[in-house]
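In: Got a predicted model here, sequence first, then my questions.
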Amino acid sequence: MIRATSQEQAVAPRSGDERKWTRQHLLDVDDLSGDEIGLLMETADSMKEVLGRDVPRVPTLRGRTVVTLFYEASTRTRASFELAGKALGADVINVAAGGSSVEKGESLIDTVRTLQAVGADVLVMRHGSSGAPHLVARHVRSSVINAGDGWHAHPTQALLDLYTMRAHLGDVRGRRVVIVGDIAHSRVARSNIWLLSNAGAEVTVCGPATLLPAGLRSGDPPVEEPQALPRVNVETDLDAAVEGADVLMALRLQKERMTGGLLPSLREYATLYQLNESRVARAASGALVMHPGPINEGVEISPAVASSLQSVIDEQVTNGVAVRMAALLLMCGVKTG
Amino acid sequence: MNDITVRGGRVLDPANGIDAVADVIVRDGVIAEVGKAAKAPGDVIDASGLVVCPGFVDVHAHLREPGFEHKETVETGTRAAARGGFTTVCAMPNTEPPTDSAGAVEFVLRTAAAKGVVRVLPIGCVTKGRAGHDLAELAELSAAGAVAFSDDGAPVADAALMRRALEYAGMLQTPVIDHAEEPALAAGGVMHEGWVSTRLGLRGVPAAAEESFVARDIALAQATGSRVHLAHVSTAGSVELVRAAKARGAPVTAEVTPHHLALTHEAVLTGPTEGGALAYDTNAKVNPPLRTPEDVAACVAGLLDGTIDCIATDHAPHATQDKLCEFDAAAMGISGLETALALSLTAIPLEAAVERLTAAPAATLGLERHVPGIGSLSKGAPGDVAIIDPEGEWTVEPETFASLGKNTPLTGRTLKGRVVATVYAGKVVHDAR
Amino acid sequence: MIARTVLSAEEIRRAVRRIAHEIVERNHGLADVVLVGMRTRGVPLANRLAEAIGEIEDASVPVGALDIGLYRDDIASRAPHVQPTDLPMAMEGRTVILVDDVLYTGRSIRAALNALTDFGRPAAIQLAVLVDRGHRQLPIRADYVGKNIPTALHEDVDVLLEETDGHDEVRIAREEGEQ
């Protein structure tokens, strides 16, 4: 029904769908409601349509400024956000803040206040310290999108993973998802555990005991806290974990895990935890193979599996741009300040 | 000097087993009488309905001077102490330069005499420069007035050096206070390792980091016959180790902080007020970290059954910018002097709290040797009195702290247990009547 | 709320049929014509027009759906709800007939024109609306109008369609107490 009571509403949406996005910041996925996730996914659908055009660019965010502030090197995520911003017509400024703010002698708060003062509408932030975006969000009027903080969260990665799964499997409720690798130090794992569990999937994490976080190791007492990570299945034997799984997600193994005494060797890790053809064969037929990238081929995933028909790794990258466009668009529609 | 009569309060003097309504008369800076005064000489403080006890003794505080005067000074730190009911604070030596020489001890004493509001007893370093390599000149430190030795902030990591330190300090009848923490296990950790650290993606410090060094220190104390005092015990395992060690007669004592009696690692997650986004509250970042409810319960039980000897604040003031930053980068510590009583009362009964804040800490470090009568209202003891309202409610507002360190995870919390007035050496140094 | 009916279901049916005739007349052959409905109610109207044209001319005119959410100039005031745009073919060289239910300020049409040109360069764009209620803020006019309905600014024009609202009706509503 059209309600044209003022000039502004003269172009009000003709849809009966009145779900509104009211979140100023996207810091985490654990508290996203089903409606919010639905709105993000549907908006991402529209963004994917835009990306499929000959000229994949719309003027929606013309005059808006998106600042990517990356305290950790990242080509993929930064480029994905930059593409997303530009496809929506926003001005995108990339700030590479090498090293920690402490080393630079400028506090994080000072830096983001400066960026806000020069007109950042959205701050897309990557930081090595868990919780850094939460600190920033308390001190700026700009919207803050967490593009990965420490080991804590990587919301847009989890959202694009869910988007990709839904594209192939439909509803993920009851689907078995196995996340393999360095769970302890992975923000991708944490965000996926939250988002997929909340979406009703059955999540199993699998990795060596040294790469499982407190509360998920065999000796740990059971955690009944409502605030804790959702309960997941924990496996140290990948062959058992993959049995009948609908999604196999390998995590990138950071090389520095070798030096910390967490693993004896890459070779042994690959033997025990590589997604290879024989393991994929044990999963459900047509199971999806996923990886957040960048891939260490021959370590956490075999080249054959990475490039197999079941691999949706390239699609994850494309979907990443669409999901990030959706996030930028929704955040820019929230009145701030 | 004026006389002071503290009139009509409930006098709690655990050292002398007194719990009765009485008057306390302070004359010439010392306790003259506890009883029914026929007439009240000098200034009268009406304490009816309040509790009157010896001034509190803190065996573990960081006054930051010299070197970190932006965080705290002897003057502001002792003012904070007075507001918290403390009349004696033992100053930890991790200053810049550290208190590893007789001259440095004298500096602390001189500064305290000039600027201090309450008594300051210096603690000297165990090792030169707190570097953990060579013993400091312990005998000279002791002669200059150091009441104990500690490299607090860090453990004496080298077990052989710890053994030598205990042997040498034993000769001086002076305890070594160890910050028990296995450095490799604790490396990079910013909070307790548990479900909260997993949730927040923060590097955890496992309980075993503390417990392995508690076990080591107990073994070395037993081997040398010298006393080790374990600073800020925080885990159930540590409490169990100390309990067993004491049962064997090992020369070991232990302290616990008010925050480890009252707060858990969830404070990092929720901040002072629950609800909303994850807090990553840097004001709840402290070393040792806040632990689990089970650990808190064990510490409380240990304190009540005598396994843990006393309460110590581990007052660790920091400047605002030290905490207003990424959690990983934030300084560790809680500004604790001004909330110590109220926080302790959330965990243990009043009578026990008063004992663990007065007679017990004095006895734990053997401070009687340096200040006769300390921690008691014995006749001739220092005229140090705390007047408290155990039922008095107040809201924690760090901006009103006397300490320069506004870093508390309790902002906005309403607590019970108010320090109404503090008398130090016969002078009123805090008065909130 | 006071509402009065300005177009009945039958009148809507006749208006659609008349517009279909005009389209056929003006675009003889209909070879390159494509109907593009603007979401939400422009889409069923475009479908009805295609059907009516088919009855008149025995020709099948392709229909697309256009969402202008990404082209609006008022994103600051509200979080957009965006639906996919679904065009049956490239717009290059086509005669596009843009279909909407109400023409008012012209801003939606401005947004739609921008959106359309992002899909190629049509030979021509024409505009068909069920209702023109006046109060234009941009120099835009419709090529085909079902009915001109003069309105006051404080009034609402509600277009109800079977496909989206259960029945066909156009009415004007205003708050009680208003003049």
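Out: It's in.

In: All the helices of chain C, in order from the start?
Out: C:9-26, C:42-57, C:107-117, C:162-165 (DSSP state H).

In: Indicate which one of these is closest to B:Val51.
Out: Distance to B:Val51, taken as CB to CB, is lowest for helix C:107-117 among these, at 73.8 Å. Bear in mind the C-beta positions are built from the backbone N, C-alpha and C, glycine included.

In: could you say what helices and strands that closest one packs with?
Out: strand C:33-38, strand C:63-66, strand C:95-103, strand C:124-132 (3 or more CB pairs under 8 Å, 6 or more residues apart in numbering or on different chains; DSSP states H and E).

In: could you point out where the chain is predicted with low confidence?
Out: You didn't say which chain, so I picked chain A. Applying pLDDT under 70 to chain A picks out residues A:1-19, A:98-104, A:334-337.

In: Chain C, not that one
Out: C:74-80, C:176-179.

In: Just give me the residue right at the centre of chain C.
Out: C:Asp100 (1.0 Å; CA atoms, centre = their mean).

In: Okay, and the beta partners of that one?
Out: As for beta bridges, C:Asp100 partners with C:Val129 under DSSP bridges.

In: Go ahead and confirm it touches C:Arg107.
Out: No: when contacts are counted by CB atoms under 8 Å, C:Asp100 is not listed as touching C:Arg107 (11.5 Å).

In: what about chain B, any weak spots by pLDDT?
Out: For chain B, the ranges with pLDDT under 70 are B:1, B:274-275.

In: let's go with 80 and repeat that
Out: Scanning chain B for pLDDT under 80 picks out B:1-2, B:37-41, B:273-276.

In: State which helix of it is the longest.
Out: helix B:207-224.

In: can that one be found next to chain A?
Out: No: under the criterion of CB under 8 Å from any CB of the partner chain, chain A is not reached by helix B:207-224; the shortest gap measures 10.5 Å.

In: For the helix or strand that that helix is followed by, which outside residues touch it?
Out: Remark: after helix B:207-224, the chain's next helix or strand is strand B:228-230, criterion DSSP states H and E. The contact list for strand B:228-230 (CB atoms under 8 Å, 6 or more residues apart in numbering or on different chains) reads B:59, B:148, B:166, B:175-178, B:180, B:214, B:217-218, B:220-221, B:238, B:242, B:251-255, B:364-365.

In: Dihedrals phi and psi, A:Ala245?
Out: Main-chain dihedrals, A:Ala245, degrees, to the nearest 10: phi -70, psi 150.

In: So what's the residue count around it?
Out: 23 (other CB atoms under 10 Å in any protein chain shown).

In: Equivalent analysis for A:His134, please.
Out: Count around A:His134 with other CB under 10 Å applied: 24.

In: Show me which residues of the stretch 201-350 of chain B sit near chain C.
Out: Taking CB under 8 Å from any CB as the criterion, the stretch 201-350 of chain B has no contact residues with chain C.

In: Give me the neighbour count for whichever residue of the stretch 201-350 of chain B sits closest to chain C.
Out: Going by CB to the nearest CB, chain C is nearest to B:Ala277 of the stretch 201-350 of chain B, at 19.5 Å. As a burial measure, B:Ala277 scores 15 neighbours (other CB under 10 Å).

In: One more: the one 10 residues further on?
Out: A count of neighbours around B:Asn287, defined by other CB under 10 Å, yields 22.

In: tell me which element it falls in.
Out: Short version: B:Asn287 belongs to no helix or strand, going by DSSP H and E.

In: Give me the nearest residue to it, chain neighbours excluded.
Out: The shortest distance from B:Asn287 to any non-neighbouring residue, by CB to CB, 6 or more residues apart in numbering or on different chains, is to B:Met332 (4.2 Å).

In: what about that neighbour, is that helix, strand or coil?
Out: coil (DSSP: H, G, I helix; E, B strand; the rest coil).

In: got a list of what it touches?
Out: Contacts of B:Met332 by CB under 8 Å, 6+ apart are B:Val190, B:Lys285, B:Val286, B:Asn287, B:Ala316.

In: wait, the third one sits on B:Pro258?
Out: It refers to B:Val286. No: in this structure B:Val286 lies outside contact range of B:Pro258 using CB under 8 Å: 11.4 Å.

In: which of those two has more neighbours?
Out: Per other CB under 10 Å, whichever of B:Val286 and B:Pro258 has more neighbours is B:Pro258, with 29 against 26.

In: helix/strand/coil for the residue nearest to the more buried one when sequence neighbours are not counted?
Out: Residue nearest to B:Pro258 in three dimensions, not counting chain neighbours: B:Leu343, with 3.7 Å by CB to CB, 6+ apart. Following three-state DSSP, B:Leu343 is assigned to helix.

In: and B:Leu343, how many neighbours does it have?
Out: Counted with other CB under 10 Å, B:Leu343 comes out at 27.

In: Got phi/psi on the residue of the stretch 101-250 of chain B found nearest chain A?
Out: Closest approach between the stretch 101-250 of chain B and chain A, counting by CB to the nearest CB: B:Gly201, at 3.2 Å. Main-chain torsions, B:Gly201, degrees, to the nearest 10: phi 70, psi 40.

In: Could you tell me how many residues sit around it?
Out: 25.

In: Next, the contact list for it, please.
Out: So B:Gly201 contacts A:Ser130, A:Gly131, A:Asp149, A:Gly150, A:Trp151, A:His152, A:Ala153, A:Arg187, A:Arg190 (CB under 8 Å, 6+ apart).

In: Report whether A:Leu115 is found in a helix, as I expect.
Out: Yes: A:Leu115 forms part of a helix when assessed by three-state DSSP.

In: Can you tell me the closest non-neighbouring residue to it?
Out: A:Val67 (5.1 Å).

In: Quick check, the one you found in contact with A:Val124.
Out: Yes: assessed by CB under 8 Å, A:Val67 is found in contact with A:Val124 at 6.9 Å.

In: quick one: which of these two has more around it?
Out: A:Val124 (33 against 23).
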